[in-house]
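In: return a 3D structure for these sequence lines:
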Amino acid sequence: MRTPFFYETKCDLIPFCYKDLDDIQILRDTVNCLCAPPIYFNTAMSVYPTEQEIEALTRVIVIRTDVDMKDIAKEFNRKYGAPMIERIKAAALGNYRDFLVTLVKRGMAN
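Out: Okay, here's the model as predicted:
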């Protein structure tokens with residue numbers, strides 16, 4: 001099974017002998033997350049997010065704001081051709097939207 005990380009980087013970090021095991025997906029996700037966070041976290045987002053993706057987007061923003069939000073936003077813009085803040089404004093509403101936008105702007109200012 002090819003992961004989004006594989007398609008972005010053209011390499012898979014888990015040895016081929018484990019590819020058939022379902023339980024190894026957690027390990028694969030963990031390794032991909034540690035090795036290339038901007039690429040990995042952009043797999044949680046899409047241009048037109050569903051409700052489940054909005055929850056994932058919230059987790060990414062809250063967890064990564066102080067760490068590498070600039071890189072994640074740059075990767076999002078490269079991958080989807082749209083600024084992440086504009087997509088958040090289109091997908092979320094009210095105070096929730098304002099909260100996410102504020103966190104992203106804060107992370108990009110660091």
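
In: and the most centrally placed residue in the chain, how far from Lys89?
Out: Nearest residue to the geometric centre of the chain (C-alpha atoms, centre = their mean): Phe41, 1.9 Å. In this view, Phe41 and Lys89 are 19 Å apart by C-beta to C-beta, to the nearest Å. For glycine as for every other residue, the C-beta is placed from the backbone atoms N, C-alpha and C.

In: over to Gln52?
Out: Using C-beta to C-beta, we find Gln52 at a distance of 19 Å from Lys89.

In: returning to what we had before: how close does the residue nearest to the centre of the chain get to Gly94?
Out: From Phe41 to Gly94 the distance is 24 Å (C-beta to C-beta).

In: circling back to that earlier point, just the element for the nearest residue to the residue nearest to the centre of the chain once chain neighbours are set aside, please.
Out: Nearest residue to Phe41, sequence neighbours excluded (C-beta to C-beta, 6 or more residues apart in numbering): Val60, at 4.6 Å. Element membership of Val60, judged by DSSP states H and E, is helix 51-80.

In: and the helix or strand that that helix is followed by, what other elements does it pack with?
Out: Where DSSP H and E defines the elements, the next helix or strand beyond helix 51-80 is helix 84-91. Other helices and strands packing on helix 84-91, by 3 or more C-beta pairs under 8 Å, 6 or more residues apart in numbering; DSSP states H and E, are helix 51-80, helix 94-109.
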